[in-house]
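Engineer: just a sequence and a predicted model for now, questions to come.
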Amino acid sequence: MPLHRATPTRGRVNHRANPIHTLADPSLGASLELPTHRLLDKPIPAEVAYRLVHDELMLDGNARLNLATFVTTWMEEPAARLMAECAEKNMIDKDEYPQTAELERRCVSILAHLWNAPHPDRAVGCSTTGSSEACMLGGLAMKKRWANARRATGKSEIAPNLVMGANVQVCWEKFCRYFDVEPRMVPMEAGRYHLRGEQAAAHCDEGTIGVIAVLGSTFDGSYEPVAEIASALDELEARSGLDISIHVDGASGAMIAPFLDGDLLWDFRLPRVSSINTSGHKYGLVYPGVGWVVWRDAERLPEELIFDVDYLGGNMPTFALNFSRPGAQVAAQYYNFLRLGFEGFRSVHQAARDVATELATRIEALEPFELITRGDQLPVFAATTRPDVKAFNVFDVSRRLRERGWLVPAYRFPEHCTNLSVLRVVVRNGFSHDMAELFMEDLARVVPELARQSGPLQTADQGSGFHH
Ligand SMILES: Cc1ncc(COP(=O)(O)O)c(C=O)c1O
């Protein structure tokens, strides 16, 4: 979360209520001024508080027009009802809410089957607040396994490292910083915007706790070739004896590929894949607040990391970074599994991919743009302006689209590819062909206006930072 200064340095320090409220409740006084950064001395009526907060939040963007986020922005009414019914349930309170714990267990089992664990009954996993926490847990298990293996063979202490592409989501840098692991980032190069097998293996050594393969890069929606990475690590083991496992960060892709890319080898069918995470709140189709991590078998999760909590007078093993957490999202995840089944997920995601690929093709057909990805892996694509476009840049396009409410992030690629800046569109359930049509109309309208500019008005530094 952003680190906030407690004292306001700008902006309002008082709410001023509508006279309608003060007339309705004379005890509030004639001019109702309410401090925004300190507690009031006395309570105010619920309706007045609601109105003040509600009205202020109208300035937030419209979540459905947010093409920046991967996170679910629309669920069916019965799902939303179920979540409201579970709002007060605390996930950690296994004793008080044993059925929520049971739904969590079923979801882990469903995912272990979906991701082809060779013995689903031996797989272990848990829910989390999202993929970030799930990645931390996956990383911690890798680090502990590596340390235990070194200790068992009497090897000396050396600094651990984690190998990954420079396109990884920021949670992996965070994991490395918080848990003292060297982030060994494989840089991008022109035309290669994610990790490949050869580069992954070349960066490994005896300090490597694991390799992260991202199924669905946050930068451009492309899948990293997990099978290729696994076979490069097989060859490395044959050459050097180093046995390095893979954690698949499937924040988005682990809930897309099983339904749309059944032949793609990326999951527990590859023996080198030890653990997989996903965000239930992305293509698991649940509102924000749930992720999942599953290990192919209990041996991959060192026992020292497991804590017991009380459960119906007994104990339940848990692995988590936080303690209290809402139970509503887990109930909603189970609802989605039950409601949609395999075929339901397949058709929802196919529809998203159809919208993404069609939109990408239509944008490519507009003269100024070229595609980096086409929306045919994650339903996500990135586009840039052609080299001969001098009047504007992707940051100008992003700003102009915002005038109509569309949030489309524009950002620069990292080191070695900083001359590439893109617009990225994330298509999610609820972004229909109709909405895509409206989006195209708006884009087609702003392009000729932008083309009349004498040069770009925005710079990369002014671009939208939100693309993860
Ligand atoms: C590949 C990848 N990993 C991890 C994350 C973090 O996920 P969450 O927002 O669920 O914590 C994201 C978020 O976009 C992601 O794309």
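Structural biologist: Right, received. Where do you want to start?

Engineer: confirm that Val293 sits in a strand.
Structural biologist: Yes. In this structure, Val293 lies within a strand as judged by DSSP: H, G, I helix; E, B strand; the rest coil.

Engineer: wait, doesn't it sit right on Met136?
Structural biologist: No. Applying C-beta atoms under 8 Å as the test, Val293 and Met136 come out as separate, 9.2 Å apart. C-beta coordinates here come from the backbone N, C-alpha and C atoms, glycine included.

Engineer: these two: who's more crowded?
Structural biologist: Val293 (27 against 21; other C-beta atoms under 10 Å).

Engineer: ok, now how distant is the more buried one from the ligand?
Structural biologist: Note on Val293: its distance to the ligand, by C-beta to the nearest ligand atom, to the nearest Å, is 11 Å.

Engineer: quick one, what contacts that residue?
Structural biologist: Remark: with contacts taken as C-beta atoms under 8 Å, 6 or more residues apart in numbering, Val293 is in contact with 125-126, 128, 134-135, 137-138, 275-277.

Engineer: let's see that with 7 Å instead.
Structural biologist: Contacts for Val293 were tallied using C-beta atoms under 7 Å, 6 or more residues apart in numbering; they are 125-126, 128, 134, 137-138, 275, 277.

Engineer: for the protein, longest helix please?
Structural biologist: In terms of residue count, the longest helix belonging to the chain (DSSP state H) is helix 328-365.

Engineer: could you confirm whether that one reaches the ligand?
Structural biologist: No. Judged by C-beta under 6 Å from any ligand atom, helix 328-365 and the ligand are separated, with a smallest distance of 11.2 Å.

Engineer: now stretch 157-174
Structural biologist: Yes. Counting by C-beta under 6 Å from any ligand atom, the ligand has neighbours in stretch 157-174: 169, 171.

Engineer: begin at 7 from here
Structural biologist: Okay, residue one is now 7; in that scheme the one you just asked about reads as stretch 163-180.

Engineer: checking Ile26 next. Helix, strand or coil?
Structural biologist: Reducing the assignment at Ile26 to three states with three-state DSSP gives helix.

Engineer: where's it relative to Leu38, distance?
Structural biologist: Taking C-beta to C-beta, to the nearest Å as the measure, Ile26 and Leu38 are separated by 11 Å.

Engineer: okay, those two: which has more neighbours?
Structural biologist: More crowded of Ile26 and Leu38, by other C-beta under 10 Å: Leu38, with 18 against 9.

Engineer: ok now stretch 335-355, how far from the chain's centre?
Structural biologist: In terms of C-alpha atoms, centre = their mean, to the nearest Å, the centre of stretch 335-355 is found 18 Å from the chain centre.

Engineer: list the buried ones in it?
Structural biologist: Within stretch 335-355, the residues that qualify as buried by neighbour count (16 or more other C-beta atoms under 10 Å) are 335-343, 346, 351-352, 354-355.

Engineer: tell me which helix or strand the residue lying closest to Leu372 once chain neighbours are set aside sits in.
Structural biologist: What sits nearest to Leu372 in space, not counting adjacent residues and going by C-beta to C-beta, 6 or more residues apart in numbering, is Val453, at 6.0 Å. Per DSSP states H and E: Val453 is located in helix 439-457.

Engineer: and the contacts of that helix?
Structural biologist: Applying C-beta under 7 Å, 6+ apart, the set of residues contacting helix 439-457 from outside is 361, 364-365, 368, 372, 374, 397-398, 402-403, 406-407, 410, 412.

Engineer: for stretch 311-320, same thing?
Structural biologist: Residues contacting stretch 311-320 (C-beta under 7 Å, 6+ apart): 98, 100-101, 104, 107, 146-147, 150, 321-325.

Engineer: can I get the buried part of the contacts of helix 439-457 as one ChimeraX selection?
Structural biologist: Applied in ChimeraX, the following selects the buried portion of these according to 16+ other C-beta under 10 Å:
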select :361,364,365,368,374,397,398,402,403,406,407,412
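
Engineer: of the contacts of helix 439-457, which is the nearest to Ala304?
Structural biologist: For Ala304, the closest of those turns out to be Val361, at 40.4 Å, with distances computed as C-beta to C-beta.

Engineer: just checking, the closest one touches Val432?
Structural biologist: No. Assessed by C-beta atoms under 7 Å, Val361 is found out of contact with Val432, at 10.9 Å.

Engineer: does Ala238 count as helix, strand or coil?
Structural biologist: Under three-state DSSP, the three-state class of Ala238 is helix.

Engineer: count of residues packed around the residue lying closest to it once chain neighbours are set aside?
Structural biologist: Spatial nearest neighbour of Ala238, excluding adjacent residues (C-beta to C-beta, 6+ apart): Gly203 at 3.2 Å. When neighbours are defined as other C-beta under 10 Å, Gly203 has 22 of them.

Engineer: residues contacting Gly203?
Structural biologist: If a contact means C-beta under 7 Å, 6+ apart, then Gly203 has 231, 234-235, 237-238 as its contacts.

Engineer: so how far is the ligand from the residue nearest to the spatial centre of the chain?
Structural biologist: Ranked by distance to the mean C-alpha position of the chain (C-alpha atoms, centre = their mean), the top residue is Ala257 at 5.3 Å. In this view, Ala257 and the ligand are 3 Å apart by C-beta to the nearest ligand atom.

Engineer: over to that residue: give its phi and psi.
Structural biologist: Note on Ala257: its backbone torsions stand at phi -40, psi -50 [degrees, to the nearest 10].

Engineer: ok, it touching Ser285?
Structural biologist: Yes. A contact is recorded between Ala257 and Ser285 when judged using C-beta under 7 Å, the distance being 4.7 Å.

Engineer: what do those two both touch?
Structural biologist: Common neighbours of Ala257 and Ser285 (criterion: C-beta under 7 Å, 6+ apart): Ser137.

Engineer: am I right that Phe387 is in contact with Thr379?
Structural biologist: Yes. Phe387 sits in contact with Thr379 when judged by C-beta under 7 Å, with a separation of 4.8 Å.

Engineer: before I go, just wanted to say thanks for your time.
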